[in-house]
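Colleague: Quick one, what's the 3D model for this:
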Amino acid sequence: MSTEFFKDTHPELKRLGIEIPELEKRYPTLMRMGISHDDMIYLARRISPLLQDSEKILDLGCGNCLIATLINKITSKKIIVVDQWKEMSMERAIENMEIDKAGLELGKINEEDKLPYPDNTFDTAYSVMFLFNMPKEKRDFLLQEIKRVLKQEGKLIVVDNFIFRGKMKREFSSHNFDQTWYGEENAFSFFVLKNVKKP
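Modeller: Prediction:
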């Protein structure tokens, strides 16, 4: 391996054997998410084992796409990423994806917050620091969209600031998501939920 291989690589990625050159320049942190590169690396490592039994995976509100890129590198699973692409352009995301040879497919949440996928498409959807950064009316609609595109018994993983944990639990329950696991780590709430569809 070349001595230049990890020259500009983040120390934690170096430990994982993942090269993302110029990480801080190419993957800017987004105010909407409010988390650091270190947080994104930690969350990618934490979410990855929860995706082992999934084939069709959706990253909802992917932001700068770093978490999805790292999950792809860790698991070798293709990730479909969607956002509104207001803080980071889709063109820049595509450029990063090509540089890093990331197995991502990009999509866009439209102005009505509709997801561009058929019913029952995904085994798992995950969302990091996205859902609770929007007004409740939009969030309610997007949760219905997530239910629509998830398969019956499909998994929803939500990571957000733990100060919202009570509110999140109530809202997920009101949308017929059954909580299968909950944890708090490093000031994040981790919800793992099952999609229960009404007959």
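
Colleague: Give me the longest strand you can find in the protein.
Modeller: Counting by DSSP state E, the longest strand found in the chain is strand 150-161.

Colleague: How far away from the center of its chain is it?
Modeller: The chain centroid and the centroid of strand 150-161 are separated by 10 Å under CA atoms, centre = their mean, to the nearest Å.

Colleague: Just list what that strand packs against, helices and strands only.
Modeller: helix 37-47, strand 122-128, helix 165-174, strand 188-195 (3 or more CB pairs under 8 Å, 6 or more residues apart in numbering; DSSP states H and E). (Glycine included, C-beta is placed from N, CA and C.)

Colleague: please redo it, this time with the cut-off set to 7 Å
Modeller: Applying 3 or more CB pairs under 7 Å, 6 or more residues apart in numbering; DSSP states H and E, one finds that strand 150-161 makes contact with strand 122-128, strand 188-195.

Colleague: Give the buried residues for that strand.
Modeller: Using 16 or more other CB atoms under 10 Å as the test for burial, strand 150-161 gives 150, 151, 154, 155, 156, 157, 158, 159, 160.

Colleague: Quick check: the farthest pair among those?
Modeller: 151 and 160 (23.2 Å; CB to CB).

Colleague: check contacts around the closest residue in space to residue 129 that isn't next to it in sequence.
Modeller: Spatial nearest neighbour of residue 129, chain neighbours left out: residue 33 (4.3 Å); criterion: CB to CB, 6 or more residues apart in numbering. Applying CB atoms under 7 Å, 6 or more residues apart in numbering to residue 33 gives the contacts 63, 128, 129.

Colleague: May I have the phi/psi pair for residue 33?
Modeller: phi -80, psi -40 (degrees, to the nearest 10).

Colleague: Please report the distance of it from residue 144.
Modeller: 23 Å (CB to CB, to the nearest Å).
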